[in-house]
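Q: Output the structure for:
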Amino acid sequence: MNLKIIDYFKEEYKARFEEIHLQEIYKWKAFKCFQDNWDINSSEFVSMLNKSLEKTENLLVSGNYWPRLMLLENAEVSEDEVQELFHQLVREETDLSTRILDFQKGMKTLSKINFPEKKQVYQDHRAILVYLSLIYPERYYLYKYKMFRDFAEIVDYSYKPVRGRIANIGQYLNMCDMIRNELEEDQE
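A: Purely as a prediction, here's the structure:
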């Protein structure tokens with residue numbers, strides 16, 4: 001990875017902080033709302049989940065992208081099953097790729113049963129990384145395949161992402177950790 005390019009982006013971020021802050025503050029609000037309301041063991045899981053995800057508009061809702069809606073609709077019909085899928089998703093002793101694939105498979109199965117007329121479940125890598133980032137903001141990062149692909153190319157990251165591959169997630173998290181280490185060295 002080309003650290004000179006990372007340095008360039010750090011300096012650009014500092015120079016444009018106010019502008020970027022105004023554009024991105026919604027993410028901090030979404031994380032705050034989630035952290036204030038999340039309780040994986042709630043006996044009122046659906047209402048807790050709805051309240052926790054209340055401010056995730058651009059993260060889980062945009063254009064024709066509806067993971068929050070499909071998650072909540074499935075939770076209303078199959079509350080215990082969705083709650084259990086989240087328990088499995090956060091079980092850190094299990095390999096991350098397995099957890100992601102199991103969550104996707106579980107949500108797809110529930111959606112087929114609950115809403116057989118709906119073709120799209122929307123519980124893709126992006127949505128699942130949003131959930132994990134909201135739950136464990138110190139460990140995970142928000143993910144979009146295209147942004148990862150484009151940024152990896154710009155900074156000469158050695159891995160070349162391929163759409164839909166689960167290996168992208170581990171590589172993305174590795175790249176983000178490397179960048180985080182660089183950022184933490186710059187206290188400004």
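Q: in the chain, which helix has the most residues?
A: Longest helix of the chain, by residue count under DSSP state H: helix 17-37.
Q: Which elements pack onto it?
A: If contacts are counted by 3 or more C-beta pairs under 8 Å, 6 or more residues apart in numbering; DSSP states H and E, helix 17-37 sits against helix 45-52, helix 57-60, helix 125-135. Quick note: C-beta positions are derived from backbone N, CA and C, even for glycine.
Q: now the residue positioned nearest the centre of the chain: how far from Glu117?
A: Centrality entry for the chain: nearest residue to the mean C-alpha point is Val130, 1.9 Å, by C-alpha atoms, centre = their mean. Between Val130 and Glu117 the computed distance is 26 Å (C-beta to C-beta, to the nearest Å).
Q: circling back: what pLDDT does the residue nearest to the centre of the chain get?
A: Note on Val130: pLDDT of 98.
Q: Spatially nearest residue to it (excluding sequence neighbours)?
A: Leu59 (5.0 Å; C-beta to C-beta, 6 or more residues apart in numbering).
Q: Would you quantify the distance from that neighbour to Tyr131?
A: Counting by C-beta to C-beta, the gap from Leu59 to Tyr131 is 10 Å.
Q: Looking at these two, which one has more neighbours?
A: Using other C-beta atoms under 10 Å, the more surrounded residue of Leu59 and Tyr131 is Tyr131, with 27 against 24.
Q: Show the contacting residues for the more buried one.
A: Residues in contact with Tyr131 (C-beta atoms under 8 Å, 6 or more residues apart in numbering) are 86, 89.
Q: try Met48
A: 37-39, 42.
Q: What is the linear distance spanned by stretch 155-170 between its boundary residues?
A: Using C-alpha to C-alpha, to the nearest Å, the end-to-end distance of stretch 155-170 comes to 17 Å.
Q: residues making contact with it?
A: 1-2, 5-6, 96-97, 100-101, 125, 129, 143, 145, 148-149, 151-153, 171-172, 175.
Q: in it, what counts as buried?
A: Using 16 or more other C-beta atoms under 10 Å as the test for burial, stretch 155-170 gives 155, 157, 159, 161, 168-169.
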